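Asker: build me a structure from this.
(chains A and B)
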Amino acid sequence: MPRQPHDEGALDADGAVLAFDDVSMRYGRAPETLKDLNFSLAPGSFHFLTGASGAGKSSLLKLIYLAAKPSKGLMHLFGQDVSAVPVKEQPMLRRRIGVVFQEFRLLDHMSAFDNVALPLRIAGRKPDSYRQDVAELLAWVGLRSRMHAMPATLAGGEKQRLAIARAVVNRPDILLADEPTGNVDHEMGLRILRLFVELNRLGTTVLIATHDQDLVARSGKPVLHLEEGRLTQLGPVGGAG
Amino acid sequence: MSDFDPLRWKPAPFLPEADARDGSLIFVVATLCFLACLTALAVLATDRAARGWSDQLSGQATVIVRAKGAETPDSAAARAAEALSGLPGVGEVRALEKEKAEALIAPWLGDIADLDDLPVPRLVAVDLDPKAPATPQSLEKALKAQGLDAVVDDHSIWLKDIQRAAGFARWVGLAVFALIAAAAGAVVAFATRAGLTARHEVVEVLHLAGAENDFIARLFQMRFARMAALAGLFGAGGAAIMGAILRLMGGGQGLTPVLPIVWTDLLAVLPCPVAAGLVAAVAARLTAQALIAKMT
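Answerer: Alright, predicted model coming up:
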């Protein structure tokens, strides 16, 4: 659950899937992009991450999916201090996190089916053990008839649903989404939101970075708001996660 | 409805199969492999030529005989030949005729019409037993015993020069070979760098999906190793064809007696595809590991 910034002693990493303790981050020698962040996410929670462009939303997600390191503070992921996790073991942590991007980041040389199967292949699973699961997942996101399609032939909404399927195929504990509705129309945005809500109901912790205030308001989920790298608003907008 | 059957699905390769740069890379590596194989063939032929000359020189000695007192040069040469015949380690012994001796020194004296006034020494050619050749000392001893003024030349000065030249040619060949291998490695490293940069997004997606850096590096390693092995096959094939042409053009001695190629030399190109693949694999892996660590 979100905590107030600098709320000393309130950090309780026990049981939280993610906990930030005075975490700051900077790129090289540039000024800090994220400053003194303190919050934690309970398992199965659903939060939006809002803020203007450049507020640090993407940087915060990068920290969580281990594409960047904090320049200061402690970050706990699944109860482990990330700075103490050897580089060789980081991929195992990463496999517990699904990420969806605004620009989809699908592999153009692979079919929809291949794109979704990718995390399972990387995890070393045998194709026979997941063929059916992948097909069912694609059907669940509404791409039953597009399994063989190459990403270039898919519409924006289809691409995003495909990206979501790939992000959740190995049942991650945390699902991160960076502006997932940025490249789709409003109706498709709501449809994608419903997918996230359904995944959350299945127990996945969800954190969605967005500047779509309408989407946030409709969902009634709690919000983490970033302003110039600091968390300035924490708590539900229209309901609890 | 889709006619896609998940049960018949076969996983796609992790990396895109074709790249516009692949053709150029294969051409460059094939050319380097071709040059490396030609260098190897040249080293083998040079080595064989040097060994041939060494064998020829070490199997012979020349005795320079000067007539003393009233004895004629012909008589002194005949006596020297007789003194050496039958010695242990000596095969055939021939006293060279006056004309042959004069022909041998003509390059140093020029076209002099009459050499009769000059005390031109006579030469005796001695074939030595290749298994247990007689030493120059034993030859000199036998000549002295007959009271002959003679000097034995066992060609050791020339032999050392030839061996030194052959050794130098070997080292130059190896150095050129190493240089070409390093150039091939650098080309592959450059291509890996370009390939990784071009596929930055693929690397990022694989990484996000939980792939280890080693796993991603291995993909690039395998890709470039396969490509280099194929290029090595082309280069080695080209060099083998060139070697075969040289061998056929020159008959039993290759293109020239100076560079004699034999059919078995062509086997030297066989390791080239494997070597090219290994060099590429190492270069691609090291480059990929360093770059992926930076990118992720």
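Asker: residues contacting the nearest residue to residue B:228 once chain neighbours are set aside?
Answerer: Among residues not flanking residue B:228 along the chain, residue B:280 sits closest, at 3.2 Å (C-beta to C-beta, 6 or more residues apart in numbering or on different chains). No exception for glycine: its C-beta is placed from N, CA and C like everyone else's. Contacts for residue B:280 (C-beta atoms under 8 Å, 6 or more residues apart in numbering or on different chains) come out as B:29, B:184, B:185, B:188, B:224, B:225, B:227, B:228, B:229.
Asker: if we go to 7 Å?
Answerer: Counting by C-beta atoms under 7 Å, 6 or more residues apart in numbering or on different chains, residue B:280 touches B:188, B:224, B:225, B:227, B:228.
Asker: I'd say residue A:96 and residue A:175 touch.
Answerer: No. Using C-beta atoms under 7 Å, residue A:96 is not in contact with residue A:175; the gap is 10.4 Å.
Asker: these two - which one has more neighbours?
Answerer: residue A:175 (24 against 15; other C-beta atoms under 10 Å in any protein chain shown).
Asker: and the more buried one, which of the three is it?
Answerer: strand (DSSP: H, G, I helix; E, B strand; the rest coil).
Asker: can you pull the residues of chain A lying near chain B?
Answerer: Applying C-beta under 7 Å from any C-beta of the partner chain, one finds that chain A approaches chain B through A:65, A:67, A:88, A:91, A:94-95, A:99, A:105, A:107, A:109-111, A:113-114, A:117-119, A:121-123, A:127, A:131-132, A:134-135, A:144-148.
Asker: among those residues, which lie within strands?
Answerer: residue A:99 (DSSP state E).
Asker: which of the residues of chain A next to chain B fall within helices?
Answerer: A:91, A:94, A:113-114, A:117-119, A:121-122, A:131-132, A:134-135 (DSSP state H).
Asker: which residues does residue 210 contact?
Answerer: The chain I'm using is chain A. A:48, A:50, A:179, A:181, A:216.
Asker: wrong one, chain B
Answerer: Counted by C-beta under 7 Å, 6+ apart, residue B:210 has contacts A:91, A:94, A:95, A:119, A:122, A:123.
Asker: do residue B:212 as well
Answerer: A:88, A:91.
Asker: re earlier: export the contacts of residue B:280 as a markdown table, with columns for distance to residue A:201 and neighbour count.
Answerer: Formatted as a markdown table, the contacts of residue B:280 follow (distance: C-beta to C-beta, whole Å; neighbours: other C-beta atoms under 10 Å in any protein chain shown):
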| residue | distance to residue A:201 | neighbour count |
| --- | --- | --- |
| B:188 | 51 | 28 |
| B:224 | 46 | 29 |
| B:225 | 48 | 23 |
| B:227 | 49 | 22 |
| B:228 | 52 | 33 |
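Asker: circling back: nearest to residue A:228, of the contacts of residue B:210?
Answerer: Residue A:228 lies nearest to residue A:94 out of these, by C-beta to C-beta, at 28.5 Å.
Asker: considering the contacts of residue B:280, which member attains the minimum pLDDT?
Answerer: Taken together, these show their lowest pLDDT at residue B:188, with 79.
Asker: that one reaches residue B:228, doesn't it?
Answerer: Yes. Contact criterion C-beta under 7 Å: residue B:188 and residue B:228 qualify, at 6.0 Å.
Asker: circling back: quick one: the residue nearest to residue B:228 from chain A, how far?
Answerer: 22 Å (C-beta to the nearest C-beta, to the nearest Å).
Asker: quick check: that residue vs residue B:197, distance?
Answerer: Distance from residue B:280 to residue B:197, counting by C-beta to C-beta, to the nearest Å: 18 Å.
Asker: repeat that for residue B:268.
Answerer: In terms of C-beta to C-beta, residue B:268 sits 37 Å off from residue B:197.
Asker: so which of these two has more stuff around it?
Answerer: Between residue B:268 and residue B:197, counted using other C-beta under 10 Å, the more crowded position is residue B:268 (17 against 11).
Asker: strands of chain A, start to end?
Answerer: A:18-26, A:32-41, A:46-50, A:72-77, A:80-81, A:97-101, A:174-178, A:205-209, A:222-227, A:230-236.
Asker: dump those strands into a markdown table; add mean pLDDT as well.
Answerer: What follows is the strands of chain A, written out as a markdown table (pLDDT from 0 to 100):
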| stretch | mean pLDDT |
| --- | --- |
| strand A:18-26 | 95 |
| strand A:32-41 | 94 |
| strand A:46-50 | 94 |
| strand A:72-77 | 95 |
| strand A:80-81 | 93 |
| strand A:97-101 | 93 |
| strand A:174-178 | 95 |
| strand A:205-209 | 96 |
| strand A:222-227 | 93 |
| strand A:230-236 | 72 |
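Asker: can you pull up the most central residue in the chain?
Answerer: Let's take chain A. residue A:176 (0.3 Å; C-alpha atoms, centre = their mean).
Asker: sorry, should have said chain B
Answerer: residue B:43 (0.7 Å).
Asker: list the contacts for the nearest residue to it once chain neighbours are set aside?
Answerer: Leaving aside its chain neighbours, residue B:43 sits nearest to residue B:173 (3.4 Å; criterion: C-beta to C-beta, 6+ apart). By C-beta under 7 Å, 6+ apart, the contact set of residue B:173 is B:39, B:42, B:43.
Asker: flag every buried residue along the one helix or strand the last one maps to.
Answerer: By that I understand residue B:43. Secondary structure from DSSP states H and E places residue B:43 in helix B:22-58. Buried residues in helix B:22-58, counted by 16 or more other C-beta atoms under 10 Å in any protein chain shown: B:22, B:25-26, B:28-50, B:53-54, B:57-58.
Asker: ok, back up a step: can you say which of the residues of chain A next to chain B are buried?
Answerer: Buried among the residues of chain A next to chain B (16+ other C-beta under 10 Å): A:65, A:67, A:91, A:94-95, A:99, A:105, A:107, A:109-111, A:113-114, A:117-119, A:121-123, A:131, A:134-135, A:146-148.
Asker: with just CA atoms, put the longest helix along chain A into PDB.
Answerer: Using DSSP H, we find that the single longest helix of chain A is helix A:186-201. Only the C-alpha atoms of helix A:186-201 are listed here, as PDB (Å, rounded to 0.1, in the frame of the first residue of the first chain):
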ATOM      1  CA  HIS A 186     -10.400   5.500 -26.000                       C
ATOM      2  CA  GLU A 187     -12.600   2.400 -26.400                       C
ATOM      3  CA  MET A 188      -9.500   0.200 -26.800                       C
ATOM      4  CA  GLY A 189      -8.000   1.900 -23.800                       C
ATOM      5  CA  LEU A 190     -11.000   0.900 -21.700                       C
ATOM      6  CA  ARG A 191     -10.800  -2.700 -23.000                       C
ATOM      7  CA  ILE A 192      -7.100  -2.900 -22.100                       C
ATOM      8  CA  LEU A 193      -7.900  -1.500 -18.700                       C
ATOM      9  CA  ARG A 194     -10.400  -4.300 -18.200                       C
ATOM     10  CA  LEU A 195      -7.700  -6.800 -19.000                       C
ATOM     11  CA  PHE A 196      -5.500  -5.300 -16.300                       C
ATOM     12  CA  VAL A 197      -8.300  -5.400 -13.800                       C
ATOM     13  CA  GLU A 198      -9.000  -9.100 -14.600                       C
ATOM     14  CA  LEU A 199      -5.300  -9.900 -14.200                       C
ATOM     15  CA  ASN A 200      -5.300  -8.000 -10.900                       C
ATOM     16  CA  ARG A 201      -8.300 -10.100  -9.700                       C
END
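Asker: list the buried ones in it?
Answerer: A:188, A:189, A:191, A:192, A:193, A:195, A:196, A:199, A:200.
Asker: to residue B:238, which of the strands of chain A lies closest?
Answerer: Short answer: strand A:97-101, nearest of those by C-beta to C-beta, at 47.2 Å.
Asker: next, the residue of the stretch 101-250 of chain B found nearest chain A: secondary structure please.
Answerer: For the stretch 101-250 of chain B, the residue closest to chain A is residue B:210, as judged by C-beta to the nearest C-beta, at 3.5 Å. Assigned with three-state DSSP, residue B:210 falls in the coil class.
Asker: so what's it scoring on pLDDT?
Answerer: 90.
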